[in-house]
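*Asks:* this is a predicted model, with the sequence first.
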Amino acid sequence: IGNMEARIRNCCTQSNARSTVYRPIHYYETLVHTGMIAHPNPRRVAIIGHETGLKLREVLKHSTVEDVKLFYDNDDSIPAEWSDCSDVEIDEAFSPSSKSCFEDPRARVTQRFSNPREWFQDNSGYKEEATSEEFDVVIMDIDIQDLDAEFIRDMHDSLDEDGGILVAHVGRAPTGRELVDHASHFKEILEETGFESIHVFDDEKSISSLLSYVVAFVD
């Protein structure tokens with residue numbers, strides 16, 4: 001993980017997106033590209049959380065991507081330019097008539113569930129059937145305090161058993177007694193639910209304070 005920073009920065013040189021009110025663009029680059037680069041051939045991706053337009057923009061920079069499933073509550077507050085893919089060099093399947101990353105044919109927006117918990121529960125229940133979907137990478141940006149072992153287990157079962165990766169932002173890194181070590185707690189849940197290899201790292205460049213991220217591998 002420690003050697004990925006240069007590769008992440010190199011991958012993101014196309015980005016002209018500005019910072020959001022809450023987070024700089026580096027936050028999204030770190031969150032997205034860490035998991036995408038760690039996988040040898042990320043084709044099927046799920047994005048969970050807010051501001052999916054910015055994450056989608058970063059995911060679509062990877063030419064291997066064939067399908068992206070989006071789960072979000074409300075992206076209407078995100079300015080259009082923050083999900084503008086007009087300056088992103090992606091494959092020829094992208095329609096040049098539209099600047100929006102959401103118009104890329106690889107992007108599928110799931111509006112049925114404002115919370116992905118129910119979708120992943122249903123999907124894991126069909127694990128052995130043709131209707132089940134598997135992902136190479138799941139990018140999660142939601143409050144980890146809302147997560148439990150059951151939800152993470154369903155997410156684990158929806159990842160490709162041969163190399164599937166979950167990457168998540170787990171909050172501010174603990175710098176003193178006043179902060180809870182969320183990463184350690186989340187790591188315990190990941191271990192309990194069957195992830196074989198789990199890595200925690202901090203990134204001081206993402207935002208004004210040190211943030212923790214987790215990358216978990218199915219095998």
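*Replies:* On my side now, so go ahead.
*Asks:* and the strands in this protein?
*Replies:* Secondary structure of the chain by DSSP state E: the strands cover 44-49, 67-71, 107-110, 137-141, 165-172, 197-203, 211-217.
*Asks:* quick check: longest helix of the chain.
*Replies:* When the chain is parsed with DSSP state H, its longest helix is helix 25-38.
*Asks:* where does this structure have low pLDDT?
*Replies:* Applying pLDDT under 70 to the chain flags residues 1-24, 73-82, 89-98, 109-115, 126-131, 146, 173-182, 204-209.
*Asks:* can you pull out the helices in it?
*Replies:* 5-11, 25-38, 52-59, 117-125, 149-157, 182-192.
*Asks:* please point out which parts of the second one sit buried.
*Replies:* By that I understand helix 25-38. Under the neighbour-count criterion of 16 or more other C-beta atoms under 10 Å, helix 25-38 has 25-38 buried. Quick note: C-beta positions are derived from backbone N, CA and C, even for glycine.
*Asks:* again with the fourth one
*Replies:* Buried residues in helix 117-125, counted by 16+ other C-beta under 10 Å: 117, 119-121, 123-124.
*Asks:* same for it, what does it pack against?
*Replies:* helix 149-157 (3 or more C-beta pairs under 8 Å, 6 or more residues apart in numbering; DSSP states H and E).
*Asks:* distance check, the nearest residue to Cys101 once chain neighbours are set aside against Asp104.
*Replies:* Spatial nearest neighbour of Cys101, excluding adjacent residues (C-beta to C-beta, 6 or more residues apart in numbering): Cys85 at 4.2 Å. Distance, Cys85 to Asp104, using C-beta to C-beta, to the nearest Å: 7 Å.
*Asks:* ditto for Val214
*Replies:* Counting by C-beta to C-beta, the gap from Val214 to Asp104 is 28 Å.
*Asks:* same thing with Leu211?
*Replies:* Counting by C-beta to C-beta, the gap from Leu211 to Asp104 is 28 Å.
*Asks:* can you check Asp67 too?
*Replies:* 10 Å.
*Asks:* neighbour count winner among those two?
*Replies:* Asp104 (22 against 15; other C-beta atoms under 10 Å).
*Asks:* identify the residues contacting Gln121.
*Replies:* Going by C-beta atoms under 8 Å, 6 or more residues apart in numbering, Gln121 touches 150-151, 154.
*Asks:* can I get those in a markdown table including distance to Leu54 and neighbour count?
*Replies:* Conversion of the contacts of Gln121 to a markdown table gives the following (distance: C-beta to C-beta, whole Å; neighbours: other C-beta atoms under 10 Å):
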| residue | distance to Leu54 | neighbour count |
| --- | --- | --- |
| Glu150 | 29 | 14 |
| Phe151 | 24 | 20 |
| Asp154 | 26 | 21 |
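*Asks:* for these, give me JSON lines that also has distance to Thr193.
*Replies:* Shown next, in JSON lines, are the contacts of Gln121 (distance: C-beta to C-beta, whole Å):
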{"residue": "Glu150", "distance to Thr193": "9"}
{"residue": "Phe151", "distance to Thr193": "9"}
{"residue": "Asp154", "distance to Thr193": "9"}
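*Asks:* nearest to Glu58 among those residues?
*Replies:* Lowest distance from Glu58 to these (C-beta to C-beta) belongs to Phe151, with 24.1 Å.
*Asks:* so that closest one sits right up against Arg117, yeah?
*Replies:* Yes: applying C-beta atoms under 8 Å as the test, Phe151 and Arg117 come out as touching, 5.2 Å apart.
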